[in-house]
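Trainee: sequence? don't have it. structure:
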């Protein structure tokens, strides 16, 4: 619900223009929870962006604190998968 509320706040604010990559690979590699916008760097807009970043960083840190540890094999498999996704996005993004 946190993400939805913040997302709809940005949708209503004409000062923030959504950024969507033209590259299917880059779009596929971006987390669905990401908020990507173009905006003028006014004090107001920077304060809004800063608040969103702090909010999501805090939430992410809390998720990490609650997470169960992975086995070495699970961690390695995820690492290999993520490296491949990043490499394809980097190679294919315009």
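Mentor: Structure's in. What do you need? Note that this is a predicted model, so its numbers are computed, not measured.

Trainee: check which helices and strands the longest helix along the chain sits against.
Mentor: Secondary structure assigned by DSSP state H gives helix 43-66 as the longest helix of the chain. Counting contacts by 3 or more Cβ pairs under 8 Å, 6 or more residues apart in numbering; DSSP states H and E, helix 43-66 packs against helix 2-12. C-betas here are computed from N, CA, C, even on glycine.

Trainee: continuing past the helix it packs on, what's the next helix or strand?
Mentor: strand 17-18 (DSSP states H and E).

Trainee: average pLDDT across that following strand?
Mentor: Taken as a whole, strand 17-18 carries a mean pLDDT of 88.

Trainee: per-residue pLDDT, residue 32?
Mentor: 56.

Trainee: on that earlier part again, and the contacts of the longest helix of the chain?
Mentor: Helix 43-66 is contacted by residues 2, 6, 10, 13, 15-16, 33, 35, 37, 39 when judged by Cβ atoms under 8 Å, 6 or more residues apart in numbering.

Trainee: who wins on neighbours among those residues?
Mentor: Using other Cβ atoms under 10 Å as the neighbour test, these are led by residue 16, with 20 neighbours.

Trainee: tell me who's in contact with that one.
Mentor: By Cβ under 8 Å, 6+ apart, residue 16 lies in contact with 10, 37-39, 45, 48.

Trainee: TSV please, covering those residues and showing distance to residue 20 and pLDDT.
Mentor: Formatted as TSV, those follow (distance: Cβ to Cβ, whole Å; pLDDT from 0 to 100):
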residue	distance to residue 20	pLDDT
10	13	89
37	10	87
38	11	90
39	15	94
45	19	96
48	20	95
